[in-house]
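In: what's the 3D shape of this:
(2 chains, ligands or ions: 1)
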Amino acid sequence: MTLRFPFPVRSPLRPDLASSLHRRLSIPSRSSSSPTPLLSSDHRPPLFLRPPAFAASRTDLHDFRRWAESLALAAGPRLSASDGGPDAALLRRELAWLVEDATVAAASESGVGEELRLRVELEELYRLWRARIEERRPFQYIVGCEHWRDLVLVVKEGVLIPRPETEMVVDLVAEVEGFEKGLWADLGTGSGAIAVGIGRMLQEGGRVFATDLSPVALEVARLNVERYELKDKIELRRGSWFEPLRDVEGKLMGLLSNPPYIPSSHIPGLQAEVGQHEPKLALDGGEDGMDHLLHLCEGSASALKSGGFFAFETNGDEQSEFIVDLMSMKLGNFFHNIKMISDFAGIQRFVTGFRR
Amino acid sequence: MAGFFFLFVKRSFSNPSRFLLFPKIPISCSSTSSLVSSSQTLARSPIGSGFNNVVGGGIGGFPRVSVPRRFSSHLAAVRDLKTADGLTVDAIAAKDWPILGESESDWRSHAAAIAQSIQLIKKRMQWRKLIVRLDQMSAVLNKPDLWDDPVSAGRISREHGELLSKMKEVNGYEQELLEHIDLIKLAREENDEELEWESMKALVNMRRTAKEKELEALLSGDNDSCSCFIEVQAGAGGTESMDWAAMVMNMYKSWAQHRGFVVTIVEEMPGEIAGIKRATIKVDGDYAFGYAKAEVGVHRLVRISPFDSGKRRHTSFAAVAVIPILGDGSTRYQIKESDLRIERFRASGAGGQHVNTTESAVRIVHIPTGICATCQNERSQHSNKASAMAVLQSRLDQLEMARQAQLNAEHTQSLTDISWGNQIRTYVLHPYRMVKDLRTNYEVSDPDSVLGGDLDGFILNFLSYLLDKDEASV
Ligand SMILES: C[S@@+](CC[C@H](N)C(=O)[O-])C[C@H]1O[C@@H](n2cnc3c(N)ncnc32)[C@H](O)[C@@H]1O
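Out: Numbering: from 1, shown residues only, chains lettered A, B, ... in the order given. Below is the predicted model:
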């Protein structure tokens, strides 16, 4: 039995938005609006946004699935045992999502005919899956997107794939009184995940400055900001941490950051999907992983206005404790109400607090 | 209270004036055009008083002008409709007039068929229980301190309104029948062939729609119109049963899709070798629960096992539970945020930037009851959490309904409540081929079509069996 995916439920875009997006993406000279040339070789839009320009028979697709499943079943145990990579069950789910993104759902439902419409050539599907298994290319880079909160964010090589843990930063912000009308900064925005999550909740007067050092990150963030029509709410700025925010110093209602926090010594042992494919600039936090976090803590006092809020993601328990101490002891004159917050795996993942 | 009273008085005053002008036009009847056009004839006719019951028992040809102030008298209007010469629907049915084909122009035959349908519809709706319930609600609504608790007052008055309109619809139908009988008799007296022909035609139409209404009445339970979750769990017996559970789940997916429902997989625990240990799907659409509730219980499979090299016959079991997803208007279990523990499911290691995974399953535990829900099939943790939350809410609602012992409680058992002894259907693939429902004895000799989702026969049979068996409840 072929599974029918309830497409409308999954699509996070309003129909009008989706169609305008489609229009925008179907114009070939779209790149004229992107300021930085792409570093990655793959400058095509994510799979699910490409036009269904290809066709394959049901049998062809079935054969692909069978082949891909057998690859997954054979490789899964090895991958998960070697470095905590995906197991067979996870790979099979990814396969289902790959097919979901690569095919046109409506056609597969009504399809009396044998032809299915595809967004990539069938051979390309084979290549993509091979890269997933053999090169350990992250699934999210393969399909070009990551489902994060209720968003579908464009991602590609050169930008960190937003993590599920980070979703909670948006919930933390939503609890801050009057957040809707404040000025916020998302430092090291990457794909723009946090900024877009918050930008969508802001009202008149509310704004997010999203910064990053990486041009690729900023370019991807721009795509996501445009996709969710938040150009008037989110301003992207390039530069190192507080540098691009001089003009709003002392005016910010909130500082948010998920800075690189992995200790340098851990980098070589990372899961292949992370260590071999995601940008080091987004991961490496220096010797004990805290270089950037400490820099952010120290800069917060002057960046935030009185009563302002900060939330930082950390590597977990030890780093969080260290930062809580720092903010409440050494910097205790500036901050109060410092808290650690756990993620759903029970790891103290975030530190939050307020500027006095 | 004030708000209610006002509304009520206002409505009651506007109607009697109409009645004084045209005492013969029934008020709540969904008149066919033929009825409207014939009202003149009626107004001239000498048999007026026969229609009095329509407005609640007027005397001597005049409708009651005094305003019915209390809700219970409103209810009186919904009972005991009669023709001019005192025939009720039950009396018509009791006459045992032979029911001929629709093409025969014999009004007694049509009337008998329609009267039977009305009786069946009322039985299926559990008419007597509804009347008791309406009375109870009216009593509550008449309490002076009703609005001290505005939330419950609002709910009761809404339920009261819904129930009343549901019952009035049936009464309207009943009344339509009685009026056409009156009209036919009248037309005969006055030799008005056109009028007689029109009413006869109307009766034939009613006979046709009656069949549809009988079906609709099968789904008139409290939560029948809701969407639902369907859960399937493999019984003892390892791979064998897990494979069977997957087959059962696929049967429901196909059934739901063919019915035009939207199916979403919420949770799926695959078996080690094949099939599923347990899975939950969400079935979205009107009356999904009303139909699917007929499937609750244990489904048994007999076949030559594809997993047994010895090719022996195996018996496997799978349990099915169905949970309604209550609308926002209903009484829902109030979940306190602080009572919840939300956990990442199957998380290990450092997490965060260290890990790339597409696994973002979440489990939510409701600490006071120990009830939990998991979702792993969405593509973001946020969505998994939202889905798990919806499942949890429905499970808690179900618990609450069971606690309040509401009408449908017997259909809403959770998987843990379903005893493996409660077998409802057997699917035999070998040595002969047959699917038989053990409750209704309904059977089909083509298991493939049933496993492919062709379940409506079983479902409708069970629903009518359930509602039609119990004579006493009418
Ligand atoms: C762990 S990623 C977080 C990305 C995104 N906020 C998220 O949560 O998915 C860290 C980000 O910080 C950026 N970054 C690294 N060094 C930086 C610096 N000195 N100034 C600004 N951004 C920096 C990286 O390019 C990367 O996008």
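In: Which stretches in chain B count as strands?
Out: Assigned by DSSP state E, the strands in chain B fall at B:227-234, B:262-270, B:276-284, B:297-304, B:313-325, B:340-344, B:362-366, B:371-375, B:423-428, B:434-437, B:443-444.
In: Nearest to A:A68 among these would be which one?
Out: Taking C-beta to C-beta, strand B:262-270 is the member of the strands of chain B nearest to A:A68, at 16.9 Å. (C-beta placed from N, C-alpha, C; glycine too.)
In: is the closest one up against chain A anywhere?
Out: Yes: contact of strand B:262-270 with chain A (C-beta under 8 Å from any C-beta of the partner chain) involves B:V262, B:V263, B:T264, B:I265, B:P270.
In: Below-threshold pLDDT in the stretch 201-350 of chain A: ranges please.
Out: Within the stretch 201-350 of chain A, no range satisfies pLDDT under 70.
In: near chain A, which residues of chain B?
Out: Counting by C-beta under 8 Å from any C-beta, the residues of chain B that sit close to chain A are B:250, B:253-254, B:257, B:262-265, B:270, B:284, B:342-344, B:347-360, B:362, B:377-383.
In: What about the ligand: which of the residues you listed touch it?
Out: Restricting the residues of chain B next to chain A to those near the ligand by C-beta under 6 Å from any ligand atom leaves B:Q353.
In: And stretch A:311-328, what's buried?
Out: Buried residues in stretch A:311-328, counted by 16 or more other C-beta atoms under 10 Å in any protein chain shown: A:311-316, A:319-320, A:322-324, A:326-327.
In: Name the residues that touch that stretch?
Out: A:165-166, A:169, A:172-173, A:254-259, A:261-263, A:285, A:289-290, A:293-294, A:296-297, A:335-336, A:338-340, A:347-353, B:350-354 (C-beta atoms under 8 Å, 6 or more residues apart in numbering or on different chains).
In: That one near the ligand anywhere?
Out: No: Stretch A:311-328 does not reach the ligand (C-beta under 6 Å from any ligand atom); its nearest approach is 7.0 Å.
In: residues near B:P368, how many?
Out: As a burial measure, B:P368 scores 11 neighbours (other C-beta atoms under 10 Å in any protein chain shown).
In: Buried among the residues of chain B next to chain A? Need that as a selection in PyMOL.
Out: A single PyMOL command is used to select the members of the residues of chain B next to chain A judged buried by 16+ other C-beta under 10 Å:
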select buried, chain B and resi 250+253+254+257+262+263+264+265+270+284+343+344+347+350+351+352+353+354+355+356+357+358+359+360+362+377+378+379+380+381+382+383
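In: Next, the contact list for the residue in the stretch 201-350 of chain B that the ligand sits nearest to, please.
Out: Nearest residue of the stretch 201-350 of chain B to the ligand: B:A350, at 13.5 Å (C-beta to the nearest ligand atom). Residues in contact with B:A350 (C-beta under 8 Å, 6+ apart) are A:N315, A:G316, A:I347.
In: and the strands of chain B, which is most packed in?
Out: Across those, averaging neighbours per residue (mean count of other C-beta atoms under 10 Å in any protein chain shown) puts strand B:227-234 on top, at a mean of 26.
In: For that one, output the C-alpha coordinates as PDB.
Out: Output of strand B:227-234 as PDB, limited to C-alpha atoms (Å, rounded to 0.1, in the frame of the first residue of the first chain):
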ATOM      1  CA  SER B 227     -12.600  13.200  14.200                       C
ATOM      2  CA  CYS B 228     -10.800  10.500  16.000                       C
ATOM      3  CA  PHE B 229      -7.600   8.600  16.700                       C
ATOM      4  CA  ILE B 230      -7.500   4.900  15.900                       C
ATOM      5  CA  GLU B 231      -5.000   2.800  17.800                       C
ATOM      6  CA  VAL B 232      -3.900  -0.700  17.000                       C
ATOM      7  CA  GLN B 233      -1.900  -3.000  19.300                       C
ATOM      8  CA  ALA B 234      -0.400  -6.400  18.500                       C
END
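In: Can you list the strands that that strand pairs with?
Out: strand B:276-284 (antiparallel), strand B:313-325 (antiparallel) (DSSP bridges).
In: what's the pLDDT at whatever residue of chain B ends up closest to the ligand?
Out: Going by C-beta to the nearest ligand atom, the ligand is nearest to B:Q353 of chain B, at 5.3 Å. If you check B:Q353, the pLDDT there is 96.
In: What of B:G237?
Out: Listed pLDDT for B:G237 reads 85.
In: wait, isn't it in contact with B:F307?
Out: No: proximity of B:G237 to B:F307 does not meet the contact threshold set by C-beta atoms under 8 Å, at 10.3 Å.
In: Can you name the next helix or strand after the lengthiest strand in chain A?
Out: Criterion DSSP E: the longest strand present in chain A is strand A:304-313. Using DSSP states H and E, the helix or strand that follows strand A:304-313 in sequence is helix A:317-328.
In: That following helix: how far from the chain's middle?
Out: 25 Å (C-alpha atoms, centre = their mean, to the nearest Å).
In: next helix or strand past that helix?
Out: Downstream of helix A:317-328, the first helix or strand assigned by DSSP H and E is strand A:335-342.
In: Now do the same contact list for the residue lying farthest from the centre of chain B.
Out: The C-alpha centroid of chain B is most remote from B:H354, which lies 51.3 Å away (C-alpha atoms, centre = their mean). Contacts for B:H354 (C-beta under 8 Å, 6+ apart) come out as A:I262, A:H266, A:L270, A:Q271, A:V274, A:N315.
In: export the strands of chain B to JSON lines and tack on mean pLDDT and distance to A:V99?
Out: Formatted as JSON lines, the strands of chain B follow (pLDDT from 0 to 100; distance: least, C-beta to C-beta, whole Å):
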{"stretch": "strand B:227-234", "mean pLDDT": "95", "distance to A:V99": "24"}
{"stretch": "strand B:262-270", "mean pLDDT": "90", "distance to A:V99": "15"}
{"stretch": "strand B:276-284", "mean pLDDT": "94", "distance to A:V99": "19"}
{"stretch": "strand B:297-304", "mean pLDDT": "94", "distance to A:V99": "30"}
{"stretch": "strand B:313-325", "mean pLDDT": "92", "distance to A:V99": "27"}
{"stretch": "strand B:340-344", "mean pLDDT": "94", "distance to A:V99": "26"}
{"stretch": "strand B:362-366", "mean pLDDT": "95", "distance to A:V99": "24"}
{"stretch": "strand B:371-375", "mean pLDDT": "92", "distance to A:V99": "21"}
{"stretch": "strand B:423-428", "mean pLDDT": "94", "distance to A:V99": "31"}
{"stretch": "strand B:434-437", "mean pLDDT": "95", "distance to A:V99": "32"}
{"stretch": "strand B:443-444", "mean pLDDT": "94", "distance to A:V99": "34"}
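In: closest one to B:V132 among those?
Out: strand B:313-325 (22.9 Å).
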